[in-house]
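Engineer: sharing a sequence plus its predicted fold:
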Amino acid sequence: MVGITSALLLLAISAFTLWLAKMGLFTQEGMSALNRIQPWPLFGLYILIVNPILEEYYWRDYLQERAGLFLSTALFGLIHFPFYALFLGYLIGFVTCFSPFLLGLFWGWLFRRFDTLWPGIISHLAVNIAMFVIATLART
């Protein structure tokens with residue numbers, strides 16, 4: 001059940017991101033910033049290894065335990081706004097924050113359900129892999 005839910009969330013987010021890219025909704029500033037990230041393989045290592053572990057420890061283990069699931073998840077969604085606003089503009093960027101909010105609820109539930117961060121870290125890694133592949137393909 002957890003694997004299927006995680007896969008469906010990942011598929012939906014990936015499809016939405018690809019649709020945004022195909023519609024030409026990424027801003028020129030965002031694409032320029034994406035193309036300036038160097039060295040790309042080192043960025044990939046950070047996104048695929050460091051980021052899922054650190055974010056899950058902070059947002060689920062630290063903040064969720066102190067602020068509760070909903071507040072920590074709302075903040076998790078909003079913290080992604082500057083990144084989304086850069087790539088999609090302010091309005092679409094704000095709406096797109098709903099994706100990390102939903103994922104944060106799911107990962108917070110995983111943490112409560114299994115009393116370990118590892119299912120969330122693995123799921124977070126899967127999402128980051130999809131986003132990294134999309135970003136790699138979007139680079140010019």
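Structural biologist: Perfect, I can see it now.
Engineer: now Phe26: which helix or strand?
Structural biologist: Here Phe26 sits in a region with no helix or strand, counting by DSSP states H and E.
Engineer: surely it and Ala85 touch.
Structural biologist: No. The pair Phe26 and Ala85 does not pass the contact test of Cβ atoms under 8 Å, sitting 11.7 Å apart. The C-beta positions use only the backbone N, C-alpha and C, and glycine is treated the same way.
Engineer: leaving out the residues flanking it, which one is nearest to Leu75?
Structural biologist: Leu63 (7.1 Å; Cβ to Cβ, 6 or more residues apart in numbering).
Engineer: count of neighbours near that neighbour?
Structural biologist: By the criterion of other Cβ atoms under 10 Å, Leu63 has 18 neighbours.
Engineer: could you look up the SS state of Ala85?
Structural biologist: helix (DSSP: H, G, I helix; E, B strand; the rest coil).
Engineer: where does the most centrally placed residue in the chain fall, phi/psi-wise?
Structural biologist: The structure's the chain has its C-alpha centroid closest to Pro100; by Cα atoms, centre = their mean the separation is 5.4 Å. Main-chain dihedrals, Pro100, degrees, to the nearest 10: phi -70, psi -30.
Engineer: secondary structure element for Pro82?
Structural biologist: Short version: Pro82 belongs to helix 81-88, going by DSSP H and E.
Engineer: helix or strand next in line after the helix or strand of the chain with the lowest mean pLDDT, which one?
Structural biologist: One helix or strand of the chain scores below all others by mean pLDDT, DSSP states H and E: helix 2-22, with a mean of 65. The C-terminal neighbour of helix 2-22 among helices and strands, as given by DSSP H and E, is helix 28-36.
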